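1. Quick check, what structure comes out for this input:
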Amino acid sequence: MKIVHSIFMKIALSMGLIMYFAYAVPTGKYANLYLIGVSAFTALFLPIFTLINTYLEQKGFRLTGSMFLSKLAKLVWQSFYNFLALGLLVKGNIIDPNNLKMVGGLIGAVCLTSLASQGLQYLAITLSNHDKGNRFANIFFALSLNVIISALAALGYKNVQVFFVIMGLLLGVIGVLISLITDVWGLLPSKGGIGLYLGTFNPVHKSHIAILKDFIDKRQLDKVYIHPTVIPKMHQYLLDKGMIKIVDQRAGKRYYEKSAIADPLVNFFPTGQVFYEAENRLFMLKVAIKEAGLENKVEILFEPNLYQKDGFYAIIKAIKKRHPHTKLHGLLGTDEGGMLLHDIYDETWIKPFVELRRDNISGTAIRKGEKGMTTPKITETLNLLDHLREGQNEQLFGKTVRLVNNRLAVVDDKICL
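-> Have a look, this model is predicted:
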């Protein structure tokens, strides 16, 4: 079975064994059924636990637009699991309740374990944003590390307990409090400065334009920079590693699939497996901004070399260099891409502007053929791409365009709307 070969399943099984021996060796209770049961449950449940953990965070953010509340949802879920596991080990006489006094008893141990988990996950996500590992894998390792430290602390190792208390409180501040601070900061009235709107725009649709106008109006921005992803950083990494592959390129889009060596437990395509080529998304962005009459407020950037080096961090750095000592605001939605952006904005101290979307308009639906979600000129462009063949010329907005290497190219000098 392919799932058995998953690196995450192997890690989970390893963590179950580590948890078992961490308690069994010092206590000598190798045959304790409570210990065996909790360890086996941890080994089998850890991958599912991680998936539920991620789901709760994404769902919480989608419903509230608050990173703090989404992390609070995770904290409650993790605390429930930790209370169950540690409580059973106490009941099975594996953990002596007296050994937990230094960390605040069972409840204190649960809280510290959960807070430390939040902080470790925050650090894991930050590393993945800088191309240091996969987001899912980093979170998984963070949770596993937390299992080890909490186990040693619960057994009464004094030095570990001191470290555990400090780590729990410090990482709790990093993982939870920073999100609360940036949430509140984003809600405080603030006007003027430069706006950033980063994303895939796959493709640009009515909601993108509507929230952009709202962003400019409410923050009274002097200017907004838009930059689309080129090849998303994760996709490029996975392509280089041979874990995903491009199976087709047509109608201005590329189609991804997992390869035979891809891990079955990892969702490599959280926003879908179909992407319009970067140049086509850029083309449509230019059309949409001009169609909306926002050229005087919006500048579309496209820096593929910068993006490939360090993703949106490099783009933000370049914008900050252009506008030193200028207040920067970051627009984001409440989808998974918005969560990733929120993490980046938090780290780079860009004031977030979160737009709760309730209109059910999405790029995924558009790519599946849903109508009425794009502006007239974008709809016309998408219809053209659907039937335009490689090398074929066609008229679009009074100009001649051609599909070259699956990318829409304007034969004339510029787009005329």
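2. The host helix or strand of M167: which residues count as buried?
-> Secondary structure assigned from DSSP states H and E places M167 in helix 158-172. Going by neighbour count (16 or more other Cβ atoms under 10 Å), the buried part of helix 158-172 is V160, Q161, F164, V165, M167, G168, L171, G172. All C-beta atoms are positioned from the backbone trio N, CA, C, and that covers glycine.
3. any idea which of those is closest to Y122?
-> Closest approach to Y122 among the buried residues of helix 158-172 (Cβ to Cβ): L171, at 7.6 Å.
4. So that closest one sits against L115, correct?
-> Yes. The pair L171 and L115 passes the contact test of Cβ atoms under 8 Å, sitting 6.3 Å apart.
5. Show me what the helix holding M167 is packed against.
-> helix 105-129, helix 135-154 (3 or more Cβ pairs under 8 Å, 6 or more residues apart in numbering; DSSP states H and E).
6. buried residues in the shortest one?
-> Within helix 135-154, the residues that qualify as buried are 135-144, 146-147, 149-154, counting by 16+ other Cβ under 10 Å.
7. what's the answer for the first one, then?
-> With burial defined by 16+ other Cβ under 10 Å, the residues of helix 105-129 counted as buried are 106, 109-122, 124-129.
8. on that earlier part again, give me the angle between the helix or strand just after the helix holding M167 and helix 105-129.
-> Once helix 158-172 ends, the next helix or strand along the chain (criterion: DSSP H and E) is helix 178-187. With axes from the mean of the first three to the mean of the last three Cα atoms, to 10 degrees as the basis, helix 178-187 and helix 105-129 are set at 60 degrees to each other.
9. Would you mind pulling the contact partners of helix 178-187?
-> Helix 178-187 is contacted from outside by 66-69, 71, 122, 342, 345-346, 351-354, using Cβ atoms under 8 Å, 6 or more residues apart in numbering.
10. Of all these, the one with the weakest confidence?
-> When the contacts of helix 178-187 are compared by pLDDT, Y122 scores lowest at 79.
11. contacting residues around it?
-> For Y122, the residues meeting the contact criterion (Cβ under 8 Å, 6+ apart) are L171, I174, G175, I178.
12. Geometrically speaking, which residue is the centre of this structure?
-> With distances taken as Cα atoms, centre = their mean, L340 lies nearest the centre of the chain, 3.6 Å away.
13. How many neighbouring residues does the residue nearest to S70 when sequence neighbours are not counted have?
-> Leaving aside its chain neighbours, S70 sits nearest to G60 (3.4 Å; criterion: Cβ to Cβ, 6 or more residues apart in numbering). Residue neighbour count, defined by other Cβ atoms under 10 Å, stands at 22 for G60.
14. on contacts alone, who are the packing partners of the helix or strand hosting G60?
-> Assigned by DSSP H and E, G60 falls within helix 33-64. Judged by 3+ Cβ pairs under 8 Å, 6+ apart, helix 33-64 is in contact with helix 7-27, helix 67-91, helix 135-154, helix 336-348.
15. now it, how far from the chain's geometric center?
-> A distance of 18 Å separates the centroid of the chain from that of helix 33-64, by Cα atoms, centre = their mean, to the nearest Å.
16. Give me the contacts around the helix or strand where D214 lies.
-> D214 is part of helix 206-219, with elements assigned from DSSP H and E. Counting contacts by Cβ under 8 Å, 6+ apart, the residues outside helix 206-219 that touch it are 190-193, 195, 197, 199, 201, 221, 224, 226, 288, 292, 294, 297-298, 329, 331, 333, 353, 355, 357, 359, 361, 373-375.
17. Tell me which residues of it come out buried.
-> For helix 206-219, the neighbour count (16+ other Cβ under 10 Å) marks K206, S207, H208, I209, I211, L212, F215, I216, R219 as buried.
18. hang on, the earlier thing: report the distance from the helix holding M167 to the chain centre.
-> On the basis of Cα atoms, centre = their mean, helix 158-172 sits 27 Å off its chain's mean C-alpha point.
19. Let me know the angle separating it from helix 135-154.
-> For helix 158-172 and helix 135-154, the angle between their directions (the same axes, to 10 degrees) works out to 140 degrees.
20. Give the residue spans of the stretch 1-150 of the chain that score low on pLDDT.
-> Judged against pLDDT under 70, the low-scoring parts of the stretch 1-150 of the chain cover residues 1-5, 135-136.
21. try 80 this time
-> Low-confidence segments of the stretch 1-150 of the chain, defined by pLDDT under 80, span residues 1-11, 50, 121-122, 125, 128-137, 139-144, 147.
22. where does the stretch 251-400 of the chain dip in pLDDT?
-> Low-confidence segments of the stretch 251-400 of the chain, defined by pLDDT under 80, span residues 263-266, 271, 357-358.
23. my guess is K71 meets G175, correct?
-> Yes. Assessed by Cβ under 8 Å, K71 is found in contact with G175 at 6.7 Å.
24. Can you give me the end-to-end span of stretch 354-365?
-> 22 Å (Cα to Cα, to the nearest Å).
25. And the helices in the stretch 201-350 of the chain, which stretches?
-> For the stretch 201-350 of the chain, the helices identified by DSSP state H, counting those that start in this stretch occupy 206-219, 233-241, 278-291, 304-322, 336-348, in order along the chain.
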